[in-house]
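Visitor: mind folding the following:
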Amino acid sequence: MSLIKTKKGFTLIELLVVIAIIAILAAILFPVFARAREKARQTTCSSNQRQIATSALMYCQDHDESFPATTSFWQNIAVDPGVMVCPTKGKSTPNGYAYNNLLNSKAIGTITDPTKAFISCDSDDVVNVWSVPIDSAKRHSGQCLYSFVDGHVAPNMNSPLNNNSSINGYVIASGTAAIVGGSIFNKSMYFPNYDTTMTTYDFTRTASLDWGNNVAAWTGGPATNFGIVWKAKMAVPVSGSYIFTGQADDCASLKITDPVTGIQTIVYSFTNNSTVSGSINLVNDRLYDFELFYGEFGGAANASYNYTPPSGTSVRMPTSIFYITSDIYGL
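Guide: Now for the predicted structure:
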(Lines give C-alpha, C1' and ligand atoms only; values in the text may rest on other atoms or scores of the structure.)
Protein backbone atom coordinates (compact mmCIF):
# COMPACT_ATOMS: atom_id res chain seq x y z
CA MET A 1 0.00 0.00 0.00
CA SER A 2 1.51 3.30 -1.06
CA LEU A 3 1.17 6.54 0.80
CA ILE A 4 -0.04 9.55 -1.14
CA LYS A 5 1.76 12.72 -0.16
CA THR A 6 -0.30 15.88 -0.20
CA LYS A 7 1.05 19.43 -0.34
CA LYS A 8 0.32 21.45 2.71
CA GLY A 9 -0.06 25.28 2.32
CA PHE A 10 0.06 28.10 4.84
CA THR A 11 -2.94 28.55 6.96
CA LEU A 12 -4.60 31.93 7.15
CA ILE A 13 -3.32 32.43 10.67
CA GLU A 14 0.24 31.72 9.60
CA LEU A 15 -0.03 34.21 6.75
CA LEU A 16 -1.38 36.85 9.10
CA VAL A 17 1.47 36.22 11.54
CA VAL A 18 4.06 36.61 8.77
CA ILE A 19 2.40 39.81 7.53
CA ALA A 20 2.32 41.17 11.07
CA ILE A 21 6.02 40.42 11.56
CA ILE A 22 6.87 42.17 8.28
CA ALA A 23 4.75 45.17 9.26
CA ILE A 24 6.47 45.41 12.63
CA LEU A 25 9.90 45.20 11.03
CA ALA A 26 8.92 47.86 8.49
CA ALA A 27 7.63 50.16 11.24
CA ILE A 28 10.95 49.77 13.02
CA LEU A 29 13.21 50.11 9.99
CA PHE A 30 11.47 52.77 7.90
CA PRO A 31 12.10 55.61 10.41
CA VAL A 32 15.71 54.49 10.61
CA PHE A 33 16.00 54.63 6.83
CA ALA A 34 14.24 58.00 6.78
CA ARG A 35 16.64 59.41 9.36
CA ALA A 36 19.57 58.00 7.43
CA ARG A 37 18.32 59.66 4.23
CA GLU A 38 17.77 62.96 6.06
CA LYS A 39 21.25 62.69 7.58
CA ALA A 40 22.63 62.31 4.07
CA ARG A 41 20.65 65.34 2.92
CA GLN A 42 21.92 67.29 5.93
CA THR A 43 25.49 66.38 5.01
CA THR A 44 24.91 67.69 1.49
CA CYS A 45 23.33 70.85 2.90
CA SER A 46 26.31 71.36 5.21
CA SER A 47 28.63 71.04 2.24
CA ASN A 48 26.55 73.59 0.30
CA GLN A 49 26.66 76.14 3.08
CA ARG A 50 30.37 75.59 3.64
CA GLN A 51 30.92 76.46 -0.03
CA ILE A 52 28.68 79.53 0.33
CA ALA A 53 30.66 80.66 3.37
CA THR A 54 33.98 80.03 1.63
CA SER A 55 32.87 82.03 -1.39
CA ALA A 56 31.73 84.90 0.85
CA LEU A 57 35.05 84.93 2.68
CA MET A 58 36.94 84.89 -0.62
CA TYR A 59 34.87 87.89 -1.67
CA CYS A 60 35.98 89.64 1.53
CA GLN A 61 39.62 89.07 0.67
CA ASP A 62 39.15 90.77 -2.70
CA HIS A 63 36.99 93.66 -1.48
CA ASP A 64 38.72 95.46 1.38
CA GLU A 65 37.91 92.74 3.92
CA SER A 66 34.19 93.53 3.78
CA PHE A 67 31.19 91.28 3.15
CA PRO A 68 28.94 91.79 0.13
CA ALA A 69 25.94 94.07 0.32
CA THR A 70 22.68 92.35 1.10
CA THR A 71 21.13 93.38 -2.21
CA SER A 72 23.88 91.73 -4.29
CA PHE A 73 25.19 88.91 -2.10
CA TRP A 74 24.04 85.97 -4.21
CA GLN A 75 25.28 87.53 -7.44
CA ASN A 76 28.66 88.40 -5.90
CA ILE A 77 29.56 85.02 -4.43
CA ALA A 78 28.88 83.33 -7.79
CA VAL A 79 28.56 79.73 -6.59
CA ASP A 80 27.24 76.94 -8.81
CA PRO A 81 23.41 77.00 -8.87
CA GLY A 82 23.33 73.45 -7.52
CA VAL A 83 25.08 74.61 -4.35
CA MET A 84 22.09 76.81 -3.50
CA VAL A 85 19.64 73.91 -3.59
CA CYS A 86 18.90 72.43 -0.19
CA PRO A 87 18.19 68.73 -0.84
CA THR A 88 15.58 68.63 1.91
CA LYS A 89 13.75 71.61 0.41
CA GLY A 90 14.03 70.11 -3.05
CA LYS A 91 15.07 71.25 -6.52
CA SER A 92 11.79 73.12 -7.01
CA THR A 93 13.32 75.86 -4.84
CA PRO A 94 16.38 77.25 -6.70
CA ASN A 95 17.75 78.84 -3.50
CA GLY A 96 16.83 77.42 -0.11
CA TYR A 97 19.21 79.59 1.89
CA ALA A 98 19.40 83.14 3.23
CA TYR A 99 22.24 85.61 3.75
CA ASN A 100 22.56 87.20 7.18
CA ASN A 101 21.52 90.81 6.65
CA LEU A 102 23.50 91.86 9.74
CA LEU A 103 26.65 91.27 7.67
CA ASN A 104 25.52 93.77 5.03
CA SER A 105 28.79 95.37 3.77
CA LYS A 106 30.28 94.79 7.24
CA ALA A 107 34.06 94.80 7.65
CA ILE A 108 35.21 91.38 8.78
CA GLY A 109 37.65 92.94 11.24
CA THR A 110 34.80 94.47 13.23
CA ILE A 111 33.21 91.09 13.99
CA THR A 112 33.82 90.36 17.66
CA ASP A 113 33.12 86.62 17.63
CA PRO A 114 33.41 84.79 14.27
CA THR A 115 32.12 81.60 15.90
CA LYS A 116 28.75 83.25 16.54
CA ALA A 117 28.41 85.47 13.48
CA PHE A 118 26.70 83.36 10.83
CA ILE A 119 26.82 83.97 7.09
CA SER A 120 24.03 81.77 5.75
CA CYS A 121 21.28 79.51 7.00
CA ASP A 122 18.37 77.35 5.87
CA SER A 123 15.51 79.70 5.12
CA ASP A 124 12.17 79.98 3.36
CA ASP A 125 12.50 83.75 2.96
CA VAL A 126 11.33 84.76 -0.53
CA VAL A 127 14.24 87.18 -1.08
CA ASN A 128 16.82 84.86 0.54
CA VAL A 129 17.76 87.35 3.24
CA TRP A 130 17.83 86.59 6.97
CA SER A 131 16.57 89.56 8.97
CA VAL A 132 14.74 88.14 11.97
CA PRO A 133 14.76 84.76 13.76
CA ILE A 134 11.61 83.53 12.00
CA ASP A 135 13.64 83.55 8.77
CA SER A 136 15.53 80.47 10.01
CA ALA A 137 13.95 77.28 8.65
CA LYS A 138 14.25 74.25 10.95
CA ARG A 139 13.99 71.72 8.15
CA HIS A 140 16.66 69.22 9.18
CA SER A 141 15.02 67.07 11.87
CA GLY A 142 13.84 70.18 13.68
CA GLN A 143 17.16 71.99 13.28
CA CYS A 144 18.45 74.80 11.09
CA LEU A 145 21.94 74.68 9.61
CA TYR A 146 24.14 77.77 9.82
CA SER A 147 27.51 78.61 8.25
CA PHE A 148 29.72 80.90 10.30
CA VAL A 149 32.43 83.48 9.65
CA ASP A 150 35.12 81.20 11.10
CA GLY A 151 34.24 78.64 8.39
CA HIS A 152 32.38 76.00 10.40
CA VAL A 153 28.84 74.79 9.75
CA ALA A 154 26.59 73.63 12.56
CA PRO A 155 22.92 72.89 13.25
CA ASN A 156 20.93 74.74 15.87
CA MET A 157 17.53 73.70 17.17
CA ASN A 158 16.83 77.26 18.29
CA SER A 159 17.09 80.20 15.92
CA PRO A 160 19.36 83.03 17.13
CA LEU A 161 17.61 84.63 20.07
CA ASN A 162 15.76 87.88 19.52
CA ASN A 163 17.09 89.29 22.82
CA ASN A 164 14.42 91.92 23.32
CA SER A 165 15.32 95.09 25.16
CA SER A 166 13.70 96.33 28.34
CA ILE A 167 12.09 99.40 26.83
CA ASN A 168 9.03 100.72 28.60
CA GLY A 169 8.82 103.78 26.40
CA TYR A 170 10.82 106.96 26.52
CA VAL A 171 9.38 109.96 28.29
CA ILE A 172 11.16 112.95 29.73
CA ALA A 173 8.58 114.61 31.91
CA SER A 174 8.25 118.37 31.78
CA GLY A 175 9.59 120.17 34.85
CA THR A 176 10.87 117.07 36.64
CA ALA A 177 13.27 116.24 33.81
CA ALA A 178 13.14 112.54 34.58
CA ILE A 179 13.33 109.54 32.29
CA VAL A 180 10.42 107.20 32.92
CA GLY A 181 11.21 103.50 32.66
CA GLY A 182 14.98 103.88 32.58
CA SER A 183 17.16 104.37 29.54
CA ILE A 184 15.62 103.56 26.20
CA PHE A 185 18.30 101.28 24.76
CA ASN A 186 21.55 99.98 26.13
CA LYS A 187 23.26 101.25 22.99
CA SER A 188 23.10 105.04 23.27
CA MET A 189 25.42 108.00 22.84
CA TYR A 190 25.29 111.28 24.73
CA PHE A 191 27.24 114.28 23.49
CA PRO A 192 27.38 117.89 24.68
CA ASN A 193 27.52 121.11 22.72
CA TYR A 194 26.00 119.84 19.53
CA ASP A 195 25.30 122.14 16.61
CA THR A 196 21.74 123.37 17.14
CA THR A 197 21.12 123.33 13.40
CA MET A 198 21.14 119.52 13.72
CA THR A 199 23.70 119.21 10.93
CA THR A 200 26.81 118.30 12.92
CA TYR A 201 27.46 116.88 16.37
CA ASP A 202 30.31 116.98 18.82
CA PHE A 203 31.00 113.33 19.70
CA THR A 204 33.84 114.16 22.07
CA ARG A 205 32.22 112.68 25.15
CA THR A 206 29.88 109.85 26.08
CA ALA A 207 28.70 109.47 29.63
CA SER A 208 25.67 108.92 31.83
CA LEU A 209 23.19 111.75 32.15
CA ASP A 210 22.36 113.45 35.42
CA TRP A 211 18.75 114.61 35.27
CA GLY A 212 18.69 116.16 38.74
CA ASN A 213 17.80 119.77 39.60
CA ASN A 214 15.92 120.40 36.39
CA VAL A 215 19.04 120.71 34.24
CA ALA A 216 20.59 118.59 31.53
CA ALA A 217 24.21 117.74 32.17
CA TRP A 218 26.68 114.90 32.00
CA THR A 219 27.79 113.50 35.32
CA GLY A 220 30.27 115.86 36.91
CA GLY A 221 29.89 118.51 34.24
CA PRO A 222 27.97 121.76 33.76
CA ALA A 223 24.58 122.26 32.15
CA THR A 224 24.92 122.45 28.38
CA ASN A 225 23.31 122.01 25.04
CA PHE A 226 23.23 118.28 24.54
CA GLY A 227 22.04 115.58 22.24
CA ILE A 228 21.32 111.89 22.61
CA VAL A 229 21.15 109.26 19.89
CA TRP A 230 19.53 105.91 20.64
CA LYS A 231 19.97 103.03 18.23
CA ALA A 232 18.31 99.63 18.10
CA LYS A 233 17.11 96.91 15.76
CA MET A 234 13.36 96.87 15.21
CA ALA A 235 11.07 94.14 13.86
CA VAL A 236 7.37 94.93 13.57
CA PRO A 237 4.72 92.23 14.17
CA VAL A 238 2.72 92.84 10.97
CA SER A 239 3.40 94.50 7.63
CA GLY A 240 1.77 97.81 6.83
CA SER A 241 1.90 101.54 7.37
CA TYR A 242 3.19 102.65 10.78
CA ILE A 243 2.84 106.16 12.18
CA PHE A 244 5.58 107.40 14.52
CA THR A 245 5.01 110.51 16.61
CA GLY A 246 7.66 112.58 18.36
CA GLN A 247 7.25 115.45 20.78
CA ALA A 248 9.99 117.63 22.28
CA ASP A 249 10.45 121.11 23.65
CA ASP A 250 13.47 121.66 21.41
CA CYS A 251 14.23 119.20 18.61
CA ALA A 252 14.09 115.54 17.65
CA SER A 253 14.29 113.27 14.62
CA LEU A 254 13.64 109.63 13.78
CA LYS A 255 15.41 107.65 11.05
CA ILE A 256 14.56 104.10 9.98
CA THR A 257 16.73 102.13 7.54
CA ASP A 258 15.45 99.19 5.49
CA PRO A 259 17.93 96.28 5.78
CA VAL A 260 17.16 94.88 2.33
CA THR A 261 17.05 98.02 0.17
CA GLY A 262 19.39 100.13 2.30
CA ILE A 263 16.98 103.05 1.98
CA GLN A 264 17.02 105.39 4.98
CA THR A 265 13.80 107.23 5.74
CA ILE A 266 13.62 110.31 7.94
CA VAL A 267 10.22 109.62 9.45
CA TYR A 268 10.09 112.98 11.18
CA SER A 269 12.43 115.85 12.06
CA PHE A 270 11.74 119.16 13.77
CA THR A 271 13.60 121.93 15.58
CA ASN A 272 10.87 123.61 17.57
CA ASN A 273 8.58 122.78 20.44
CA SER A 274 5.98 120.71 18.68
CA THR A 275 4.46 117.32 18.08
CA VAL A 276 5.21 115.81 14.69
CA SER A 277 4.12 112.55 13.05
CA GLY A 278 5.37 110.64 10.06
CA SER A 279 4.36 107.37 8.41
CA ILE A 280 6.43 104.59 6.85
CA ASN A 281 5.61 101.20 5.33
CA LEU A 282 7.37 98.35 7.17
CA VAL A 283 7.60 94.62 6.41
CA ASN A 284 7.27 92.15 9.26
CA ASP A 285 10.18 89.88 8.29
CA ARG A 286 12.88 92.55 8.28
CA LEU A 287 15.13 93.83 11.04
CA TYR A 288 15.17 97.62 10.61
CA ASP A 289 17.78 100.00 11.98
CA PHE A 290 16.01 102.46 14.29
CA GLU A 291 17.76 105.71 15.25
CA LEU A 292 16.15 108.30 17.48
CA PHE A 293 17.78 111.68 18.10
CA TYR A 294 16.76 114.10 20.84
CA GLY A 295 18.31 117.55 21.22
CA GLU A 296 18.11 119.99 24.11
CA PHE A 297 19.11 123.66 23.99
CA GLY A 298 19.41 123.95 27.78
CA GLY A 299 17.04 123.96 30.75
CA ALA A 300 14.35 121.41 31.46
CA ALA A 301 14.06 118.56 29.00
CA ASN A 302 10.70 117.48 27.61
CA ALA A 303 10.28 114.74 25.02
CA SER A 304 8.22 111.66 24.27
CA TYR A 305 7.37 109.39 21.37
CA ASN A 306 4.88 106.70 20.42
CA TYR A 307 3.64 104.78 17.41
CA THR A 308 0.43 103.71 15.74
CA PRO A 309 0.43 100.23 14.12
CA PRO A 310 -1.73 99.39 11.09
CA SER A 311 -5.41 99.40 12.06
CA GLY A 312 -4.44 100.22 15.65
CA THR A 313 -4.34 103.01 18.17
CA SER A 314 -1.45 105.22 19.21
CA VAL A 315 0.63 103.69 22.04
CA ARG A 316 4.07 104.01 23.60
CA MET A 317 6.70 102.02 21.78
CA PRO A 318 6.34 98.36 22.85
CA THR A 319 9.27 96.32 24.09
CA SER A 320 8.45 93.46 21.76
CA ILE A 321 9.52 95.19 18.53
CA PHE A 322 13.09 96.00 19.59
CA TYR A 323 16.29 93.99 19.64
CA ILE A 324 18.94 95.27 22.04
CA THR A 325 22.06 94.76 19.97
CA SER A 326 23.61 92.38 17.51
CA ASP A 327 26.08 91.20 20.16
CA ILE A 328 24.30 87.84 20.37
CA TYR A 329 25.16 87.27 16.72
CA GLY A 330 28.86 87.82 17.35
CA LEU A 331 28.84 91.18 15.59
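Visitor: what count of nearby residues applies to residue 131?
Guide: Counted with other Cβ atoms under 10 Å, residues neighbouring residue 131 total 26. Placement of C-beta: from N, CA and C, glycine included.
Visitor: what about the nearest residue to residue 150 once chain neighbours are set aside, distance to residue 149?
Guide: Spatial nearest neighbour of residue 150, chain neighbours left out: residue 114 (4.0 Å); criterion: Cβ to Cβ, 6 or more residues apart in numbering. Relative to residue 149, residue 114 is positioned 4 Å away (criterion: Cβ to Cβ, to the nearest Å).
Visitor: higher neighbour count, those two?
Guide: Remark: of residue 114 and residue 149, residue 149 carries more neighbours, 24 against 17, as counted by other Cβ under 10 Å.
Visitor: that one: what's it in contact with?
Guide: Going by Cβ atoms under 8 Å, 6 or more residues apart in numbering, residue 149 touches 53, 57, 103, 108, 111, 114, 115, 117, 118, 119, 330.
Visitor: for residue 147, see how far away the residue nearest to residue 150 is.
Guide: Where residue 147 is concerned, residue 114 sits at a distance of 11 Å (Cβ to Cβ).
Visitor: hang on, the earlier thing: of the contacts of residue 149, which is the nearest to residue 307?
Guide: Distance to residue 307, by Cβ to Cβ, is smallest for residue 103 among those, at 28.1 Å.
Visitor: helices of the stretch 51-200 of the chain, start to end?
Guide: Taking DSSP state H, counting those that start in this stretch as the criterion, the stretch 51-200 of the chain carries its helices at 73-77.
Visitor: let me see the ranges of the strands in it.
Guide: Counting by DSSP state E, counting those that start in this stretch, one finds strands in the stretch 51-200 of the chain at the ranges 97-100, 118-122, 129-130, 144-148, 153-156, 171-172, 188-192.
Visitor: buried residues, stretch 253-265. List them.
Guide: The neighbour-count check on stretch 253-265 (16 or more other Cβ atoms under 10 Å) flags 253, 254, 255, 256, 258, 259, 260, 265 as buried.
Visitor: which residues touch it?
Guide: Stretch 253-265 is contacted by residues 69-71, 101, 104, 127, 129, 131, 198, 234, 244, 246, 266-270, 278, 280, 282, 286-293, 305 when judged by Cβ under 8 Å, 6+ apart.
Visitor: let's see it at 7 Å
Guide: Where contact means Cβ atoms under 7 Å, 6 or more residues apart in numbering, the residues beyond stretch 253-265 that reach it are 70-71, 101, 104, 127, 129, 131, 198, 244, 246, 266-269, 280, 286-293.
Visitor: try stretch 85-105
Guide: Identification of contacts with stretch 85-105 by Cβ under 7 Å, 6+ apart yields 38, 41, 44-45, 48-49, 52, 66-67, 69-70, 73-74, 81, 84, 118-123, 125, 128-131, 135, 139-140, 259-260, 287, 326, 329, 331.
Visitor: what's the answer for stretch 281-292, then?
Guide: Under the contact criterion Cβ under 7 Å, 6+ apart, stretch 281-292 has outside partners 101, 125, 131-132, 134-135, 229-242, 254-260, 305, 323.
Visitor: ok, of those, which come out buried?
Guide: Buried, going by 16+ other Cβ under 10 Å: 101, 125, 131-132, 135, 229-236, 242, 254-256, 258-260, 305, 323, out of the contacts of stretch 281-292.
Visitor: tell me the domain ranges of this protein?
Guide: Dividing the chain into domains by automatic domain parsing, as the record does, gives the ranges 12-156, 171-329.
Visitor: can you list the ones you listed in CSV and add mean pLDDT?
Guide: Formatted as CSV, the domains of the chain follow (pLDDT from 0 to 100):
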stretch, mean pLDDT
domain 12-156, 88
domain 171-329, 66
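Visitor: on that earlier part again, hmm, the residue nearest to residue 150 is touching residue 151, no?
Guide: No. Residue 114 lies out of contact with residue 151 (Cβ atoms under 7 Å); the separation is 8.3 Å.
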